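K.L.:
no sequence on this one, just coordinates:
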């Protein structure tokens, strides 16, 4: 039994031999009481530095249902998908979702390989783009191919963590501004693919949205409502949440500054957000509206 292997060895990595074993383990994880400690132990074994392993965040709530998010060392974020009557239960459920995704991410099939890249580009080509353009770095699919190849041998979760930065830059309008300034595609990819999200970048994006609010009053409130709804729906599906959560926090920061400056009509207009460029879930890449995702 897989459960006996975990208890006997104390090392959850031993079970990661094939997909069937992980699926069996996923059922066992649902029964684990001390899943928070198991998740911590897994990442403690995996990480050489233990200063910032896992981060838990409870969403403000006057009472049930409670919501908790857990952020992994690389930045990936997961939340509880069950309706939880206590903060402790929400924390356990968030850890359970994160652990299942962590285990799946350790499978060999979750590594970026030439076969995976070929499959991903074929899927992207189904979104009204030509597969022949994959060799042309000036095209959207060519940029996608370049990013995939730069992460050869690494996991899909690591790739998604990097892509979240570009998704936010696209959503925020930064990539469009860089295109208009004729910045080099290679320099932008090189710079942002090595840079993680930090407070400076979040503050900069919030200021950009504050500027949009001043030009189009009401856009912040409408965007925040959409982002909050997307975050709830994604959390209930048990998928990775960082893109949705970062959007919500950036817009909330911008809105708080707008309120300080007494910006009028914050909730006067409605606007649909651009679709997520891509997300990864249980070993597959789903490319959404790929033709709208272009770096330059």
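P.N.:
Arrived safely. It should be emphasised that the depicted structure is a prediction, and the values quoted were computed from it without experimental measurement.
K.L.:
find the nearest non-adjacent residue to residue 240, please.
P.N.:
Excluding its sequence neighbours, the residue lying closest to residue 240 (Cβ to Cβ, 6 or more residues apart in numbering) is residue 76, at 5.4 Å. Quick note: C-beta positions are derived from backbone N, CA and C, even for glycine.
K.L.:
I figured the one you found hits residue 162, correct?
P.N.:
No - look at residue 76 against residue 162 with Cβ atoms under 8 Å: they stay out of range, at 11.0 Å.
K.L.:
my guess is residue 178 contacts residue 187, does it?
P.N.:
No - taking contacts as Cβ under 8 Å, residue 178 lies outside contact range of residue 187: 9.3 Å.
K.L.:
what about these two, which has more around it?
P.N.:
Neighbour tally, residue 178 and residue 187, criterion other Cβ atoms under 10 Å: the higher count belongs to residue 178, 19 against 10.
K.L.:
hmm, back to that, count of residues packed around the residue nearest to residue 240?
P.N.:
Neighbours of residue 76 (other Cβ under 10 Å): 21.
K.L.:
what does the one 4 residues further on give?
P.N.:
Residues near residue 80, counting by other Cβ under 10 Å, number 26.
K.L.:
for the chain, what spans make up the strands?
P.N.:
55-58, 68-71, 77-79, 278-281, 284-287 (DSSP state E).
K.L.:
lowest-confidence stretch among the ones you listed?
P.N.:
Least confident of those, judged by mean pLDDT, is strand 278-281 with a mean of 31.
K.L.:
residue ranges of each domain in this protein, please.
P.N.:
2-106, 111-292 (automatic domain parsing).
K.L.:
tell me where the stretch 1-150 of the chain has helices.
P.N.:
Assigned by DSSP state H, counting those that start in this stretch, the stretch 1-150 of the chain shows helices spanning 2-9, 19-29, 35-46, 87-105, 114-125, 140-150.
K.L.:
for this protein, where's the lowest mean pLDDT among helices and strands?
P.N.:
Within the chain, no helix or strand scores below strand 278-281, which has a mean of 31 by mean pLDDT, DSSP states H and E.
K.L.:
tell me how far the ends of stretch 64-75 are from each other?
P.N.:
27 Å (Cα to Cα, to the nearest Å).
K.L.:
which parts of the stretch 151-296 of the chain are helices?
P.N.:
156-172, 174-180, 185-193, 199-215, 219-237, 242-260.
K.L.:
CSV for these, including distance to residue 54 and mean pLDDT?
P.N.:
Below are these laid out as CSV (distance: least, Cβ to Cβ, whole Å; pLDDT from 0 to 100):
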stretch, distance to residue 54, mean pLDDT
helix 156-172, 14, 91
helix 174-180, 29, 88
helix 185-193, 24, 83
helix 199-215, 19, 92
helix 219-237, 17, 95
helix 242-260, 14, 92
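K.L.:
right, and those - which one's nearest residue 62?
P.N.:
Nearest of those to residue 62, taken as Cβ to Cβ: helix 219-237 at 16.6 Å.
K.L.:
now that closest one and helix 199-215, what's the angle there?
P.N.:
Between helix 219-237 and helix 199-215, the angle comes out at 130 degrees (axes from the mean of the first three to the mean of the last three Cα atoms, to 10 degrees).
K.L.:
helices or strands up against helix 219-237?
P.N.:
In terms of contacts (3 or more Cβ pairs under 8 Å, 6 or more residues apart in numbering; DSSP states H and E), helix 219-237 is packed against helix 199-215, helix 242-260.
K.L.:
for the ones you listed, which one sits closest to residue 223?
P.N.:
When these are ranked by proximity to residue 223 (Cβ to Cβ), helix 242-260 comes first, at 5.5 Å.
K.L.:
stretch 147-162: end-to-end distance?
P.N.:
Using Cα to Cα, first and last residues of stretch 147-162 are 9 Å apart.
K.L.:
what sits up against that stretch?
P.N.:
For stretch 147-162, the external contacting residues (Cβ atoms under 8 Å, 6 or more residues apart in numbering) are 72, 74-76, 101-102, 105-106, 110-114, 116-117, 120-121, 163, 166, 189, 193, 240, 242, 278-280, 283, 285.
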